[in-house]
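Trainee: got a predicted structure plus its sequence, pasted below:
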Amino acid sequence: MTSEPEGLWNLARIITPKILPDRFRCYPAPHLNPAWQQAEDSLGQWARQMRLVTNDESAAILGSFKWGWLTAAMYPTMPVADLCLLTQWHCAMALPNDLADCPGALDDRDAIARMSRAMLDSLAPGRPQSPIPAARAFGDLWHRTAPGRPIGWQERATLGIALWVNQFAPQAEARPIRRAFTLDDYLDMRRSSVGLDMNADILEGVLRLDIPEAVFSTDVVRKLKSAWIDVNAWAKDLYSYPREQTYQQNPHNLVAVLASHSLTETAAITKTLSMLLQRAEEFLRLERLLPELVRSADQPGQVLEALNTYASALKSYTYGHFMWVSQTSRYTGGHLHTEAEFTSIMPSTTP
């Protein structure tokens, strides 16, 4: 356990489902899939196979993050196979980003670039399994998720992954510079780098939703997704703020950005929470527009059903995410990949 200031660690207690509007609760209590331990066990085995973890200590830290519990809190009725698959995606989307944030990344930026390229290459059909753990994991998950999904979804999801992966090297280079952000610049950067856009696409694929691209690209749906990204990204900024300030004095955080613009730390925290809740209400407003959107686009009833399922899945994701904050050690416990382990996880400096 780390020794961060207790006052700051109370921030994690702010992020609970109780602060969300009532309509974000999609399931009655108890809000937890009974197969959560199966998802945890499956993740542990899969992470070993992919070599995302290579020893018992790392495996124990990975288990303490409770990715399976997270997915189970998000989707209490999800079938076990999908629960395990989505849990593995949650892990795979988090760990490469952690590696790029690791202090050792700054010593070998070429390795990060090679990891990024390998992750994208792994999505191509017929590619052999990559020797790079992050790429091996992404390729495995993609080829278990994408087959049979609409071409439009596959293209959109691939683009989302590419945009996210291509953020790794610039972020690794920018962190030590301690760039001062305007609020608008930070919000744009955060939306593109947090990975939630890609996360929503993967969720859509796992749920096997069929939403025509002409509908998905409408202003209403794009803004709905953007509001959801902000709610979850800014929640993460709140509960990760103590750790980031303690270890890195990290300016890549909404609280830190607001505090750098003539707000006290307390006022910046309050402002972040207020902004988050406003975006949650905006999500609900946009959700109410979906029936009219489908009618005006002259789409069949099953499209509205798919859109309603999509919106409910995003709300349930948020509710489970806020539940998980009090359960995980991800922001209060050990780092999974320390600097000493970095070279064993990342690709070699030799191409």
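Mentor: Received the coordinates, thanks.
Trainee: residue furthest from the geometric center of the protein?
Mentor: Seen from the C-alpha centroid of the chain, the residue lying at the greatest distance (C-alpha atoms, centre = their mean) is residue 298, 33.4 Å away.
Trainee: which parts of the helix ranked longest in the chain are buried?
Mentor: Of all segments of type helix in the chain, defined using DSSP state H, the longest is helix 219-247. Buried positions in helix 219-247, judged by neighbour count with 16 or more other C-beta atoms under 10 Å: 220-221, 224-245. Backbone N, C-alpha and C define where each C-beta goes, glycine included.
Trainee: and it, what does it pack onto?
Mentor: helix 6-9, helix 183-193, helix 196-206, helix 254-259, helix 265-287, helix 290-296, helix 301-324 (3 or more C-beta pairs under 8 Å, 6 or more residues apart in numbering; DSSP states H and E).
Trainee: what about the chain, any weak spots by pLDDT?
Mentor: Residue ranges of the chain with pLDDT under 70: 1-12, 97-109, 169-179, 246-251, 333-351.
Trainee: and residue 261, helix, strand or coil?
Mentor: coil (DSSP: H, G, I helix; E, B strand; the rest coil).
Trainee: now do the contacts for it.
Mentor: residue 183 (C-beta atoms under 8 Å, 6 or more residues apart in numbering).
Trainee: helix, strand or coil for the residue farthest from the centre of the chain?
Mentor: Reduced to three states by three-state DSSP, residue 298 is coil.
Trainee: and it, how far from residue 218?
Mentor: Residue 298 sits 13 Å away from residue 218 when distances are taken as C-beta to C-beta, to the nearest Å.
Trainee: of all the helices and strands packed on helix 219-247, which lies closest to residue 32?
Mentor: helix 301-324 (8.1 Å; C-beta to C-beta).
Trainee: tell me the buried residues in that closest one?
Mentor: Buried, per 16+ other C-beta under 10 Å, within helix 301-324: 303-304, 306-307, 310-311, 313-324.
Trainee: could you dump it to PDB, C-alpha only?
Mentor: Provided in PDB are the C-alpha atoms of helix 301-324 (Å, rounded to 0.1, in the frame of the first residue of the first chain):
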ATOM      1  CA  GLY A 301     -37.600  -0.700 -35.400                       C
ATOM      2  CA  GLN A 302     -34.700  -3.000 -34.800                       C
ATOM      3  CA  VAL A 303     -32.300  -0.100 -35.300                       C
ATOM      4  CA  LEU A 304     -34.000   1.800 -32.500                       C
ATOM      5  CA  GLU A 305     -33.800  -1.400 -30.400                       C
ATOM      6  CA  ALA A 306     -30.000  -1.700 -31.100                       C
ATOM      7  CA  LEU A 307     -29.500   2.000 -30.300                       C
ATOM      8  CA  ASN A 308     -31.400   1.700 -27.000                       C
ATOM      9  CA  THR A 309     -29.300  -1.400 -26.100                       C
ATOM     10  CA  TYR A 310     -26.200   0.600 -27.000                       C
ATOM     11  CA  ALA A 311     -27.200   3.600 -24.800                       C
ATOM     12  CA  SER A 312     -28.200   1.300 -21.900                       C
ATOM     13  CA  ALA A 313     -24.800  -0.500 -22.200                       C
ATOM     14  CA  LEU A 314     -23.000   2.800 -21.900                       C
ATOM     15  CA  LYS A 315     -25.000   3.800 -18.900                       C
ATOM     16  CA  SER A 316     -24.400   0.400 -17.300                       C
ATOM     17  CA  TYR A 317     -20.700   0.700 -18.000                       C
ATOM     18  CA  THR A 318     -20.600   4.000 -16.200                       C
ATOM     19  CA  TYR A 319     -22.500   2.600 -13.200                       C
ATOM     20  CA  GLY A 320     -20.200  -0.400 -12.900                       C
ATOM     21  CA  HIS A 321     -17.200   1.800 -13.300                       C
ATOM     22  CA  PHE A 322     -18.200   4.000 -10.400                       C
ATOM     23  CA  MET A 323     -18.900   0.900  -8.300                       C
ATOM     24  CA  TRP A 324     -15.400  -0.500  -9.100                       C
END
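Trainee: measure how that helix sits relative to helix 196-206, angle-wise.
Mentor: 120 degrees (axes from the mean of the first three to the mean of the last three C-alpha atoms, to 10 degrees).
Trainee: what packs against helix 301-324?
Mentor: Counting contacts by 3+ C-beta pairs under 8 Å, 6+ apart, helix 301-324 packs against helix 67-74, helix 196-206, helix 219-247, helix 265-287, helix 290-296.
Trainee: those: which one's closest to residue 162?
Mentor: helix 196-206 (9.2 Å).
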